[in-house]
Structures are given as structure tokens and as C-alpha cells.
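Trainee: Return a 3D structure for these sequence lines:
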Amino acid sequence: MFRLLKALPLTLAIAALSLFTSCGSGNNAQIRIINAIPDAQGALDVYVNGTGNKITGSTPIAFGSIFPATNPPATYASEPSGSDTITAYVSGTTVNPVNNGSATFNASTEYTVVLQGNAAAVNTPSVLTDNNTAPTTNTLEYRVIYSSPWLSRNVGSVDVYIFPTGNNLPTSPNIPGLIFGQAVYVQSLPYTAGNTYTVVVTPHLSTNATYVDQTYPSANGSITTLVLVDEPGGGSFDTVPLAFSDLD
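Mentor: Sure thing, here's the model as predicted:
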């Protein structure tokens, strides 16, 4: 290859070298999967671009689980970038998908793909771009993903408050008007040794009802993903979000 490049004019040689570089592993996107479908009849197999490529391998993903497992740090499966179709079936079958949809995945970018909604609806998975850059010194971050079918049908958009435990509910939410299928980062919350944070979820523009009121430990430089989901089987909201430690 190097003899070939030497024989080419400089501009063509640079172009040829760039082509070889772009065809390497850097062309892949990094993808992880969260199963937030409460009423599928079993764990799920997830395929990329047809049933010949099972991203979940030999490990079906149960409701409330993430694939690959997050240790932390967050881990991902490497898949070709470009326009890809994500399809989920009850494990052991390749008929009647419970989620199916296409999205564009960029090279060298990390994504969370959330399988969501009720199984019979065959919703499009929600594709969310991750940011796992370490927070600045003495801060931490939360990310909240809204994936509860019950909450979406019965409440609509919600407000999310994240504040030091023991304080009163703030006058304004950290995340106002979060909608189904959306994720929002709460960045640069101050870290204090021994402190914890409380997460409260209410209807948008109202504090007359509380759907989540949970306390989480804080770690300096941490990133935590919280996913609003239904109870297993569906039909009611789970007041305890899924929690994944992406960086600790």
C-alpha cells in the first residue's frame, strides 16, 4: 500500500490514506439497549438490520435491564454507523416484533436505545445520544429518561426536581415539561461529601401529585441515568425509576 501511495501525487495519496482510515473500527457507533416495555411476554432479543445480526447475542434482555451491563462505566456494543433498523422480538421468536424502527447512528458516538411503550403498539425505539464526559470537579450529573406508557397516557408531560435531600421542593423544576421518549441531562449539580439528592416527579406545572420521590447517593464526578417506567406487566406506574450508574 505504501509503494502505491508513493507513486501517487501528494493530494491523491492523502485522499487514499484517508479512505483506508475511515474504513476502520472508528466507523462504528456505540449502542446500548434498555428494555422499558412492561408487558412483553418474556425477555427480548434485539436485532440490527435484520435477524442476521442479534446485538444482544445469547443474552436476552429482561424488562428493566440494560445491555451491555453497566459496571460502571457505561458499556456499549459496537455496530456499523449509518441508517440502521432496530427490531426487538420476544426471545426465541422472529415474528410479531414488540419494537421496530430506524435511526441514523453516527460514527464514534455513544447512544442509548430505549425499547418503550406497550408491546402490541410496536413503537419505534427511542434513540438518545449519550454524553459520558466526566463532570467538572466537585459536581455530578443526572439524566432522566421518560419511558412510562401509563404516565404518558394518564399524566402527559412531567416536571422533574433534583435537589439536596432535606431541602424544600424548589420553586422551579430542573427539567420542566419532560415528554415521553425524551431524555434530559441535569448537569453540574454540586457535590458535597455525605450528601444525597432527592428526585421528585410531578405533573407539568402542578405539584398536586407526586409520582416519584426517591433519594439517591451522590458521588463526586458521577453520572446517573434514571428511567421512568411502568410496573412489570404494565397498567400502573413504578414509583422507583430504573437507575444506572454511567460514571462513578
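
Trainee: Spatially nearest residue to the spatially most central residue of the chain, not counting backbone neighbours?
Mentor: The centre of the chain sits closest to residue 112, judged by CA atoms, centre = their mean, with a distance of 3.2 Å. Distance criterion CB to CB, 6 or more residues apart in numbering; nearest residue to residue 112, sequence neighbours excluded, is residue 128 at 4.7 Å. (Glycine included, C-beta is placed from N, CA and C.)

Trainee: Ramachandran angles for that neighbour?
Mentor: When read as degrees, to the nearest 10, the backbone of residue 128 gives phi -120, psi 130.

Trainee: What segments of this structure are helices?
Mentor: Listed in chain order, the helices of the chain (DSSP state H) span residues 2-7, 10-22, 149-154.

Trainee: So for the closest residue in space to residue 26 that isn't next to it in sequence, what pLDDT did the model give?
Mentor: Nearest in space to residue 26, with sequence neighbours left out and distances taken as CB to CB, 6+ apart, is residue 108 at 5.6 Å. We have a pLDDT of 96 for residue 108.

Trainee: And residue 11, by the same measure?
Mentor: pLDDT, residue 11: 37.

Trainee: Also residue 194?
Mentor: Taking residue 194 on its own, its pLDDT is 89.

Trainee: now it: how far from residue 182?
Mentor: Distance of residue 194 to residue 182, computed by CB to CB, to the nearest Å: 32 Å.

Trainee: So for these two, which residue has more residues nearby?
Mentor: Set residue 194 next to residue 182 and count neighbours by other CB atoms under 10 Å: residue 182 wins out with 15 against 6.

Trainee: Need the nearest residue in space to that one, chain neighbours excluded.
Mentor: Closest residue in space to residue 182, ignoring its immediate chain neighbours: residue 146 at 5.6 Å, by CB to CB, 6+ apart.

Trainee: So that neighbour sits against residue 177, correct?
Mentor: No. Assessed by CB atoms under 8 Å, residue 146 is found out of contact with residue 177, at 10.3 Å.

Trainee: and for these two, which residues touch both?
Mentor: Residues touching both residue 146 and residue 177 (CB atoms under 8 Å, 6 or more residues apart in numbering): residue 158.

Trainee: picking up where we left off before, the residue nearest to the centre of the chain touches residue 183, doesn't it?
Mentor: Yes. The criterion here is CB under 8 Å, and residue 112 meets it with residue 183 at 7.4 Å.

Trainee: what touches both of those two?
Mentor: Contacts common to residue 112 and residue 183, judged by CB under 8 Å, 6+ apart, are 128, 145.

Trainee: follow-up on the earlier one: so how far is residue 225 from the residue nearest to residue 112?
Mentor: 9 Å.

Trainee: Give the residue from those two that has the larger number of neighbours.
Mentor: The neighbour comparison of residue 128 against residue 225 (other CB under 10 Å) goes to residue 225, with 25 against 19.

Trainee: who's the more buried one bridged to?
Mentor: Taking DSSP bridges, one finds residue 143, residue 244 as the beta-bridge partners of residue 225.
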